[in-house]
Each structure stands twice: as structure tokens, then as C-alpha cells.
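Trainee: Need a 3D model of the sequence below.
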Amino acid sequence: MRGEPVINVRNLTCAYGDFVVVRDISFEVNEGEVFVILGGSGCGKSTVLKHMIGLYEPAEGSVSIHGRRLTGAGERERNEILRSFGVMYQMGALFGSMSLMQNVMLPLEEFTDLPREAREMVAVAKLAMVGLDKFAYNLPSTLSGGMQKRAAIARAMALDPGILFLDEPSAGLDPVTSAELDELIRSLSRNLGITFVIVSHELASIYSIADRVIMLDKQTKGIVAEGDPRQLREGSASETVRSFFNREPAHHADDGHCPVPAEEGA
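Mentor: Alright, predicted model coming up:
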């Protein structure tokens, strides 16, 4: 844990109509850390992230970023808060008809008054940070999945946010490409001090990049573990938690649940 809290989630309940996904969870994310939300399929980790970035309003509770409450904020304050962080969605969400440079320029066009030449310079600089400046004029379809993920991170950094939210960054990548993306995340965190909030179930990546994690559980609809994932793997008092982190069947887990780390379903 590197600095003071920059994100505060308090008594958050996420629901779709009458169906509650997570109930009454609270946690903080500290400045400069790589914080991972994990858990078995359908436990609600992507749902929690979507509430944290303001896509959904919580059934109960609140999300605050840099001390400013996103939940229930007015339009002007909400837009100011949204500009303070960037988001990389699971499949990158790049616009296929635009070059990488045009994709990265979109936030600059929407939120700044910079002339086009300056926007292009910033976009190329962001692409250079992820090793893609030589591909600035390529369409996304001409690049590998890993390169598309890198381009999406460059776009998320366009406005120089202090916080980046990444939804399943390693999904669909081979082990080598996934490891390269992990190294990029570590480098950006170390060199730029960016705070990362990452949803993932890829244990190899989690052990590689995470400073701290929370583990959600589908049955209890809450947080069942928090801390360093390497310590939770060996020292958690919960057999369920140890089984998850060691990728073992939990037939004899202490609470009878079997949180197999499969693909995220909700």
C-alpha cells in the first residue's frame, strides 16, 4: 500500500432489479497501487467495476474518487470526476474504422481545446508509452489482440489520469503476450505512479502485478478475502480462499462453496 486512499467504496450494493449481485461491500484503493478485484465466475467483479466508473448507479452505498462522491453527483461535477480516470474495457473497444492515433485522440477532441497538431503529438506520445508509436496509422484489425489491448490503454491515458481501470486485460491472450502486458502495467505503475484497479481471474497475472486484492464470493455476495495474493495463497485461514489461489477443487472447503476461477460471467 503506497499512499493515501484515492478511491473509497462504502457499503456498496449492486443489483439488477431485485437480483442482488454484491451486498454491502466496503474497501479503499490507495494511490499508486495495483489493486485487483477477483473471484469465481458470476461473483460480480465486473459489475463492481462498472459501478466504480459510474456506468451504473448503486442500489445502496457510494463510490468516491479523490474525495469527491461520484454516486449522485451533478452533471458538471460528475464529468470532472470522470475525467480523472481512464478505462480499458475487456475487448479494448477500439473503433475499427479509425487508426490507433485517431482512437487515442478521441478523448482529447471531446475534452480539450488543443489544436489538431497538438492532439496528434499527444496521441503518438501515448502510443509510444505502450510501444505502438510505429503503428499510429494502423487500423485495429491489422494488429494482434495484445497490441489492441495496449492501444486501448494508450487511449485510457490520453488525458493523463492518475487512475486506470482495466477490465480483464489478459482475457484472450496467450501466456507470453499476457506476461508482456503485465510488464507494461508494472512499468506504468512504477514509472508514472498510476493507480490501477483491475478485474481479473488470471492467477499468473495477479501474482505478477497485484499489490493487493479483494476476493468476491458469489454465494455470500460479499468480500471473503483481502490482502497480498501471495500471502492469501499460503496463509489464509479459509480453505475456500486457499483453494481458489492454488487452483484446487474446494470439495472440502470450510463453507462448502466451490469458487472455480473460470471465465467471468457477470
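
Trainee: check which helix or strand covers residue 223.
Mentor: Secondary-structure element containing residue 223, defined by DSSP states H and E: strand 222-227.

Trainee: okay, the helix or strand that that strand is followed by in PDB with CA atoms only?
Mentor: On the C-terminal side of strand 222-227, the nearest following helix or strand under DSSP H and E is helix 229-235. Extracted as PDB, the C-alpha positions of helix 229-235 are listed here (Å, rounded to 0.1, in the frame of the first residue of the first chain):
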ATOM      1  CA  PRO A 229      -2.400 -12.600  -3.100                       C
ATOM      2  CA  ARG A 230       0.800 -14.500  -2.400                       C
ATOM      3  CA  GLN A 231       0.100 -14.400   1.300                       C
ATOM      4  CA  LEU A 232      -3.500 -15.400   0.800                       C
ATOM      5  CA  ARG A 233      -2.400 -18.400  -1.200                       C
ATOM      6  CA  GLU A 234      -0.300 -19.800   1.600                       C
ATOM      7  CA  GLY A 235      -1.700 -18.300   4.800                       C
END
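
Trainee: Now do the buried residues in helix 229-235.
Mentor: Judged by neighbour count (16 or more other CB atoms under 10 Å), helix 229-235 contains these buried residues: 229, 232-233. C-betas here are computed from N, CA, C, even on glycine.

Trainee: Then stretch 70-90?
Mentor: For stretch 70-90, burial by neighbour count (16+ other CB under 10 Å) applies to 70-71, 73, 78, 81-82, 84-90.

Trainee: Indicate each strand paired with the strand holding residue 223 and its parallel or antiparallel sense.
Mentor: Note on strand 222-227: by DSSP bridges, its sheet partners are strand 212-217 (antiparallel).

Trainee: All set now, cheers.
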